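[1] Below are the sequence and a predicted model for it; my questions follow.
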Amino acid sequence: MEKNNVLLVDGMALLFRGFFATSFRGNFMLTSKGIPTNGIYQFMRYFLDAVGTFQPTHVICCWDMGSKTFRSELYTDYKANRDAPPIELIPQFDLIKEVVEAFNMPNIGMESFEADDCIGTLATLYSKDNDVTILTGDQDILQLVDDSIQVAIMRKGQGNYEVFNQENFYEKKGIRPKQIIDLKGLMGDSSDNYPGVKGIGEKTALKLLQEYETIDNLLENIDNLPKGVQTKISNNLDMLHLSRSLAQIKCDVPVSCPLDQAIWKYDKVRVSTKFEELEFKNLAKLL
């Protein structure tokens with residue numbers, strides 16, 4: 001039996017990337033009713049390109065559902081460094097989901113969890129019998145790479161992906177996928193606004209994990225570490241454990257989607273109607 005190829009899309013990653021790729025030139029693409037659509041338009045270009053590249057049999061789009069999650073409960077400063085979304089992007093959050101629906105594609109999200117957690121849960125479930133590709137711009141998701149799970153990170157420009165899989169991961173990163181969680185625990189993550197161990201950067205964190213494999217093993221052997229590193233870790237133990245919890249993607253979130261609801265097959269008329277409504281003249285050609 002041939003395996004299905006399931007594509008899990010990190011919706012926010014594509015929408016934000018699409019929005020900022022076009023808005024920096026002031027190009028918000030307003031409809032005749034004055035609704036900005038630049039993020040949606042660019043999202044579709046990225047998305048249709050990825051479908052052409054990875055040839056999925058099934059597609060699901062996952063979303064963040066508001067800014068409050070269990071991570072912000074654990075640590076109030078989590079992602080607190082992020083600005084409010086630009087006013088032109090706000091109406092596009094709901095509209096993009098309508099466009100996704102027009103493709104008969106499930107929109108999945110869960111209050112108080114991030115899209116990453118939904119992706120992690122679905123990827124773990126589907127990868128038992130299928131091949132899974134995760135499309136994102138977010139390095140955190142690399143921790144999910146496994147025998148049947150590959151991650152395609154979007155690079156600058158369109159149609160430009162760096163694909164991480166079980167075969168090439170160690171060569172690219174110098175550690176194994178699961179060690180990404182401990183790496184973030186040590187070095188923190190400035191984009192998500194948690195510090196890890198103050199004074200330990202990526203280089204030191206990598207070296208420590210290459211030698212000791214896990215944070216737990218590192219702590220058991222703390223007396224063997226250079227004095228400076230010992231001090232930094234001892235002074236930041238709580239933040240080390242907290243940062244590791246924040247970095248770990250939950251793979252047991254109560255979301256589900258039967259695969260037969262995610263078959264990649266759409267009604268061209270329905271999609272074209274939606275594109276016309278948004279006044280996307282050129283996109284219909286890509287279908």
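    Right, received. Where do you want to start?
[2] what sits against Pro56?
    5-7, 133, 264 (CB atoms under 8 Å, 6 or more residues apart in numbering). Quick note: C-beta positions are derived from backbone N, CA and C, even for glycine.
[3] Please report how far Asp223 lies from Glu88.
    Plainly put, Asp223 is 55 Å away from Glu88 if you go by CB to CB, to the nearest Å.
[4] All the helices of this protein, in order from the start?
    Counting by DSSP state H, one finds helices in the chain at the ranges 11-23, 38-54, 70-74, 90-102, 115-126, 169-173, 179-187, 202-212, 215-220, 227-235, 237-247, 268-277.
[5] okay if I get those as TSV plus mean pLDDT?
    Supplementary listing: the helices of the chain in TSV, determined by pLDDT from 0 to 100:
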stretch	mean pLDDT
helix 11-23	93
helix 38-54	95
helix 70-74	94
helix 90-102	96
helix 115-126	98
helix 169-173	96
helix 179-187	97
helix 202-212	96
helix 215-220	96
helix 227-235	95
helix 237-247	96
helix 268-277	94
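[6] Kindly reformat the ones you listed as CSV containing mean neighbour count and distance to Leu142.
    Written out in CSV, the entries for the helices of the chain read as follows (neighbours: other CB atoms under 10 Å; distance: least, CB to CB, whole Å):
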stretch, mean neighbour count, distance to Leu142
helix 11-23, 21, 13
helix 38-54, 21, 17
helix 70-74, 15, 18
helix 90-102, 17, 25
helix 115-126, 24, 11
helix 169-173, 14, 7
helix 179-187, 24, 5
helix 202-212, 16, 14
helix 215-220, 16, 17
helix 227-235, 14, 24
helix 237-247, 18, 11
helix 268-277, 14, 32
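[7] Ok, which of those comes nearest Val145?
    With respect to Val145, and counting by CB to CB, the nearest of the helices of the chain is helix 169-173 at 5.5 Å.
[8] thinking again about what came up before, what about the contacts of Pro56, which one has the most neighbours?
    Ranked by neighbour count under the definition other CB atoms under 10 Å, the contacts of Pro56 are headed by Val6 with 27 neighbours.
[9] Cross-check the contact I'm expecting between that residue and His58.
    Yes - assessed by CB atoms under 8 Å, Val6 is found in contact with His58 at 4.6 Å.
[10] Find the residues that touch each one of those two.
    Shared contacts of Val6 and His58 (CB under 8 Å, 6+ apart): 130, 259, 262.
[11] Quick one: which of those is the most crowded by neighbours?
    Ranked by neighbour count under the definition other CB under 10 Å, those are headed by Ala262 with 24 neighbours.
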